[in-house]
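Q: Got a predicted model here, sequence first, then my questions.
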Amino acid sequence: MVSIVAAFVPIALLVLIGVGAYCLLAGRTREAEVRRATPVEILKERYAKGEITHEDFLRMKEQLSA
């Protein structure tokens, strides 16, 4: 009976270490994804998608940098 418990202790420790490492790495990945785009980046995306004209892009970019 004691040998069965002794066999599971190292396995349980490895599982806990693996879960902890996963949680740390997953948290960092989510932080990177949550990073907010700057107004100029959003403006560039809108221009690339064709939502605004070149003139609108230049005007808005000028307003943002003022």
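A: Alright, I've got the coordinates.

Q: For the rest of this, base every contact and every neighbour count on C-alpha atoms.
A: Noted.

Q: Okay, now the unreliable bits of this structure?
A: Applying pLDDT under 70 to the chain flags residues 1-2, 27-34.

Q: and it, what are its domains?
A: 1-35, 37-66 (automatic domain parsing).

Q: hey, which of those domains is tucked in deepest?
A: domain 37-66 (a mean of 12; mean count of other C-alpha atoms under 10 Å).

Q: Ends of it, what's the gap?
A: 19 Å (C-alpha to C-alpha, to the nearest Å).

Q: just how off-centre is it within its chain?
A: Remark: domain 37-66 is offset 24 Å from the chain centroid, using C-alpha atoms, centre = their mean, to the nearest Å.

Q: Renumber starting at 307 from here on
A: Shifting the count to begin at 307 puts that one at domain 343-372.

Q: Distance-wise, check residue 332 relative to residue 349.
A: Where residue 349 is concerned, residue 332 sits at a distance of 30 Å (C-alpha to C-alpha).

Q: helix or strand right after the lengthiest helix in the chain?
A: Counting by DSSP state H, the longest helix found in the chain is helix 308-340. Scanning forward in sequence from helix 308-340 by DSSP states H and E, the next helix or strand is helix 345-355.

Q: export that following helix as PDB, just CAs?
A: Output of helix 345-355 as PDB, limited to C-alpha atoms (Å, rounded to 0.1, in the frame of the first residue of the first chain):
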ATOM      1  CA  PRO A 345      -5.300  55.100 -32.600                       C
ATOM      2  CA  VAL A 346      -2.800  55.300 -35.500                       C
ATOM      3  CA  GLU A 347      -2.700  51.500 -35.800                       C
ATOM      4  CA  ILE A 348      -6.600  51.400 -35.900                       C
ATOM      5  CA  LEU A 349      -6.500  54.200 -38.500                       C
ATOM      6  CA  LYS A 350      -4.000  52.200 -40.700                       C
ATOM      7  CA  GLU A 351      -6.200  49.100 -40.400                       C
ATOM      8  CA  ARG A 352      -9.300  51.000 -41.500                       C
ATOM      9  CA  TYR A 353      -7.400  52.400 -44.500                       C
ATOM     10  CA  ALA A 354      -6.100  49.000 -45.400                       C
ATOM     11  CA  LYS A 355      -9.600  47.600 -45.300                       C
END
